[in-house]
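Visitor: Please find the sequence and the predicted model below.
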Amino acid sequence: QVQLVESGGGLVQAGGSLRLSCAASGRTFSWYAMGWFRQAPGKEREFVAAISWSGGVTKYADSVRGRFTISRDNAKSINLQMDRLKPDDTAVYYCSAKNGGVSGVSRDYDFWGQGTQVTVSS
């Protein structure tokens, strides 16, 4: 059984930082790109960032580029360093995995975590 487990969410003031982590288990994730999406109350799930299986290719949403950094420890673990956080970043953040290259489209992803709440106060 495949599991993606996120950690590191919480409450932070605007301008602060948080680091999210995602650990995968249940199968090998070699050749799998992994990514982060987020969903705010009343809004659709949106792409945040993705990274290739090797870590050599990354992709970011315009809204987070320059503030967030995605990294990959190994085939089963990724991180999202979030700096200069804004209230608009408040959302549940989801880790995801897909076979093949990076994508910013949620329907391309095969596996999803349960999500971790990030709240940025003004």
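Guide: Received it, and whenever you're ready, just let me know what you need.
Visitor: Name the residues that touch stretch 35-50?
Guide: By Cβ atoms under 8 Å, 6 or more residues apart in numbering, the surrounding residues in contact with stretch 35-50 are 20, 22, 33-34, 51, 58-61, 64, 68, 70, 78, 80, 89-98, 102-106, 109, 115, 118. For every residue, glycine as well, the C-beta is placed using N, CA and C.
Visitor: Would you map the strands across this structure?
Guide: 3-7, 10-13, 18-25, 32-39, 46-51, 58-60, 68-74, 77-82, 91-99, 111-112, 116-121 (DSSP state E).
Visitor: can you list the ones you listed in TSV and add mean neighbour count and mean pLDDT?
Guide: Rendered in TSV, the data for these read as follows (neighbours: other Cβ atoms under 10 Å; pLDDT from 0 to 100):
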stretch	mean neighbour count	mean pLDDT
strand 3-7	17	95
strand 10-13	13	98
strand 18-25	19	96
strand 32-39	24	96
strand 46-51	22	98
strand 58-60	18	98
strand 68-74	17	95
strand 77-82	22	97
strand 91-99	22	96
strand 111-112	17	96
strand 116-121	17	98
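Visitor: So what pairs up with the residue nearest to the spatial centre of the chain in the strands?
Guide: Per Cα atoms, centre = their mean, the C-alpha nearest to the average position across the chain is that of Trp36, at 2.2 Å. In this structure, Trp36 has beta-bridge partners Ala49, Cys95, where bridges are defined by DSSP bridges.
Visitor: What distance do you get for it to Lys43?
Guide: If you measure Trp36 against Lys43 using Cβ to Cβ, to the nearest Å, the figure is 16 Å.
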